[in-house]
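A.B. asks: no sequence for this one, just the structure:
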């Protein structure tokens, strides 16, 4: 029986981050999330100029480590979580381990500027390409080796049949010659 966990319990078990909403959304680990529902927390620049003490409100954000394509932001006004996708929704869903690997590789490649979301996904796509290529090569090698093994077994079987046929033929001809 599949167990369904209530959404609030599930959210309570996910890792939490405190973030403020910037004009481009919420950024965690170089990944930016945005949804129109976040607009109510964005403080326009003109208000910041008028009132210097105006500070953005920190929000509790949660993210499932198995799929970081969605961010769950707690909205205290409705006492519930809202789902906020990547700011670029064309990007693939990845897990935290893949993200960490991509960040580590991207840091080696990108110098002289801050890492950006597109750098991380470009590296992730390249790393995934390596994995897919290795899987294809492994399959090809396994298929080739299987074919070789099958061919060898077939040849051995044919040899055994030929030896058996030759033995039967020689025994039959010996029997025929002795009976004459």
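C.D. replies: That came through, no problem. Since the structure is predicted, the reported quantities are computational estimates derived from the model, not experimental observations.
A.B. asks: Could you count how many residues lie near residue 86?
C.D. replies: By other CB atoms under 10 Å, the residues close to residue 86 number 21. Every C-beta, even on glycine, is put in place using the N, C-alpha and C of the backbone.
A.B. asks: Tell me if I'm right that it and residue 32 touch.
C.D. replies: Yes. Contact criterion CB atoms under 8 Å: residue 86 and residue 32 qualify, at 7.2 Å.
A.B. asks: so what sits against both of the two?
C.D. replies: residue 117 (CB atoms under 8 Å, 6 or more residues apart in numbering).
A.B. asks: neighbours around residue 68, how many?
C.D. replies: Residue 68, neighbours per other CB under 10 Å, totals 19.
A.B. asks: After the helix or strand it falls within, heading C-terminal, what element do we hit next?
C.D. replies: Following DSSP states H and E, one finds residue 68 within strand 67-75. Scanning forward in sequence from strand 67-75 by DSSP H and E, the next helix or strand is strand 80-85.
A.B. asks: Quick check: buried residues in the next helix or strand after that next one?
C.D. replies: Remark: after strand 80-85, the chain's next helix or strand is helix 96-109, criterion DSSP H and E. Applying a neighbour-count criterion of 16 or more other CB atoms under 10 Å, one finds 98, 99, 102, 103, 105, 106 buried in helix 96-109.
A.B. asks: what's the distance between helix 96-109 and the middle of its chain?
C.D. replies: 13 Å (CA atoms, centre = their mean, to the nearest Å).
A.B. asks: got the contact list for the residue nearest in space to the middle of the chain?
C.D. replies: Centroid-nearest residue in the chain, with CA atoms, centre = their mean: residue 94, separated by 4.3 Å. Listed by CB under 8 Å, 6+ apart, the contact set of residue 94 reads 67, 68, 69, 102, 124.
A.B. asks: ok, now which ones touch the nearest residue to the third one once chain neighbours are set aside?
C.D. replies: Across the structure, with CB to CB, 6 or more residues apart in numbering as the measure, the residue nearest residue 69 apart from its sequence neighbours is residue 93 (3.8 Å). Applying CB under 8 Å, 6+ apart, we find residue 93 in contact with 67, 68, 69.
A.B. asks: and of those, the nearest to residue 157?
C.D. replies: residue 67 (50.7 Å; CB to CB).
A.B. asks: Leaving out chain neighbours, which residue sits closest to the closest one?
C.D. replies: Closest residue to residue 67 in three dimensions, ignoring its sequence neighbours and counting by CB to CB, 6+ apart: residue 93, at 4.9 Å.
A.B. asks: hmm, back to that, how close does the residue nearest to the centre of the chain get to residue 75?
C.D. replies: Separation of residue 94 from residue 75 (CB to CB, to the nearest Å): 25 Å.
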